[in-house]
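Visitor: Sequence plus predicted model, see below.
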Amino acid sequence: MEKTVLKNKNGLKGTITIPSDKSISHRAVMFASLAKGKSVINNFSKGQDPHSSLEICKNLGVNAEFQDETTLIIESDGVLKSPFQNLDCGNSGTTMRLMTGILAGQNFNSVMVGDESLSKRPMKRVIEPLTLMGAKIDSIDGHAPLHITGQKLAAIDYNSPLASAQVKSCILLAGLNANGVTTFTEPYVSRNHTELMLKFMNAEINAIGNKVSIVPSVLEPREINICGDISSAAYFIVAALIVPESDIILKNVGLNPTRTGLLDVVQFMGGDVEILDKKNVSGEDVGDLRVKYSDLTGCTIEDGIIPRLIDELPVIAVLATQARGTTIVRDAGDLRNKESDRIKSVVTELKKLGVDIHETSDGFIINGKNKLTGDARLETYHDHRLAMSWYVAGLVCEKPIVIDGFEWAAISFPEFVEKFELLS
Ligand code: S3P
């Protein structure tokens, strides 16, 4: 599907509620499936990725019914059943990597498959540590399909070369069912939704800095309220900062400190974002944000902040085009392993709009402020975050742009355009 985007001439105005967090939705459905009894998940994501996780849990014998559009009731006897078919993760790396940690320690075999983009993404990062735990996972060169032969797993003390919440969660979930205390250490702290939710569901799990330990535990069912996704809010935050005269309020935004790198960067660049009402919901920080059009200056984004804004880097690139001076992103080489090679795709596509941007091995450099020309056709590379980032860029282009493959936005945010139209 192609989408034409026109310049916004009047500014974005009004209030919207940010829909459910994708990362937390995956975890809610998986962990509720592991708990014996009835869990209620409020505000489950409408995105296709969390629905891939939901379908897999159903294929593993879990009873899951929607009470209304976003209230999901999970009833499980706490024991997963051997699936009758291959487990389809679609486009979702989180589904594949977290479920591999769960399935490796079951007493049955399973096969995990994914779409074209997911089948190109590296799975060795989970296969290697799981193999150290005694798991048996066959693949061709570390790519899906993954053939998992269920085994009893041994605990490990693993030092991860990557700061990755998907790898960390995979190992912690395997550790939930292993024969001792499993410890995972990462170079920087990645998002900690797994740790918070497992603790909320009674697991014995402890995190100190970038080291987490888990004791094999029995999960208890819960009512889980899922907050709005800061990664979805990011498109509105950036749009309001760069479209002149904008002044918007975003309600129910997840503000877990392991996810708020974008807010730190925006503050650094001189952006006007105010947190209005902060509270804690089901173990996660949540608040409302007021965002106004701002005069921005470039900055350097590197080191430990990268995992805290990893999914926001494409839209941060759009932001940087409208900032005076140079913005440098480095230490973000893992961007090449996302739904697309996000370094190459961001550089290639933004060049089409006349942006002064240069590719580096682990990031990019943008010299601003750029007048975006528009009058171009942008590709999405099967990548939802690119589709939505290009839409935001289109709002400040001189001439209309056309985005090819805009349907990919529905992977995380099917209500994206509808929400933007409420502000226009
Ligand atoms: C996610 C973790 C991140 C992120 C992805 C979702 C998660 O991946 O990019 O979109 O839900 O755990 P990595 O942890 O591999 O960086």
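Guide: Sure, I can see it. Every value quoted in this text rests on a predicted model; they were computed, and no experiment measured them.

Visitor: Over to the closest residue to Gly374 other than its chain neighbours. Which of the three states is it?
Guide: Nearest residue to Gly374, sequence neighbours excluded (CB to CB, 6 or more residues apart in numbering): Cys397, at 3.1 Å. Bear in mind the C-beta positions are built from the backbone N, C-alpha and C, glycine included. Secondary structure assignment for Cys397 (DSSP: H, G, I helix; E, B strand; the rest coil): coil.

Visitor: Looks like Cys397 contacts Lys7 (just checking).
Guide: Yes - under the criterion of CB atoms under 8 Å, Cys397 makes contact with Lys7 at 5.9 Å.

Visitor: Mutual contacts of those two, please.
Guide: By CB atoms under 8 Å, 6 or more residues apart in numbering, Cys397 and Lys7 have these common neighbours: Gly374.

Visitor: All the strands of the stretch 251-400 of the chain, in order from the start?
Guide: 272-275, 279-281, 284-292, 300-301, 325-329, 356-360, 363-368, 377-378 (DSSP state E, counting those that start in this stretch).

Visitor: tell me which parts of the chain are close to the ligand?
Guide: Ser23, Thr94, Ser164, Ala165, Gln166, Ser169, Ser190, Arg191, Ile310, Asp311, Asp334 (CB under 6 Å from any ligand atom).

Visitor: quick one: which of those is nearest Leu219?
Guide: Ser169 (14.0 Å; CB to CB).

Visitor: can you tell me the helix or strand for the closest one?
Guide: Assigned by DSSP states H and E, Ser169 belongs to helix 165-175.

Visitor: after that helix, next one along is what?
Guide: strand 182-185.

Visitor: strands paired with that next one, and their directions?
Guide: According to DSSP bridges, strand 182-185 has the following sheet partners: strand 157-159 (parallel), strand 211-215 (antiparallel).

Visitor: Following the chain past it, name the next helix or strand.
Guide: helix 193-200.

Visitor: what about Cys397 and Lys7, which has more around it?
Guide: More crowded of Cys397 and Lys7, by other CB atoms under 10 Å: Cys397, with 21 against 15.

Visitor: Next one: that one relative to Leu378, how far apart?
Guide: 10 Å (CB to CB, to the nearest Å).

Visitor: would a markdown table of the strands of the stretch 251-400 of the chain with distance to Arg342 and mean pLDDT be doable?
Guide: Formatted as a markdown table, the strands of the stretch 251-400 of the chain follow (distance: least, CB to CB, whole Å; pLDDT from 0 to 100):
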| stretch | distance to Arg342 | mean pLDDT |
| --- | --- | --- |
| strand 272-275 | 23 | 98 |
| strand 279-281 | 30 | 92 |
| strand 284-292 | 24 | 97 |
| strand 300-301 | 14 | 98 |
| strand 325-329 | 10 | 98 |
| strand 356-360 | 11 | 98 |
| strand 363-368 | 9 | 98 |
| strand 377-378 | 14 | 98 |
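
Visitor: Columns mean neighbour count and distance to Asp264 on top of the ones you listed, output as CSV?
Guide: Below are the strands of the stretch 251-400 of the chain laid out as CSV (neighbours: other CB atoms under 10 Å; distance: least, CB to CB, whole Å):
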stretch, mean neighbour count, distance to Asp264
strand 272-275, 15, 10
strand 279-281, 12, 20
strand 284-292, 20, 14
strand 300-301, 20, 9
strand 325-329, 19, 14
strand 356-360, 15, 22
strand 363-368, 22, 17
strand 377-378, 20, 28
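
Visitor: circling back: out of the residues of the chain next to the ligand, give me the one that has the most neighbours.
Guide: Top of the residues of the chain next to the ligand by neighbour count (other CB under 10 Å): Ser169, with 30 neighbours.

Visitor: residue contacts, that one?
Guide: Ser169 neighbours (CB under 8 Å, 6+ apart): Arg27, Arg97, Leu98, Gly101, Thr194.
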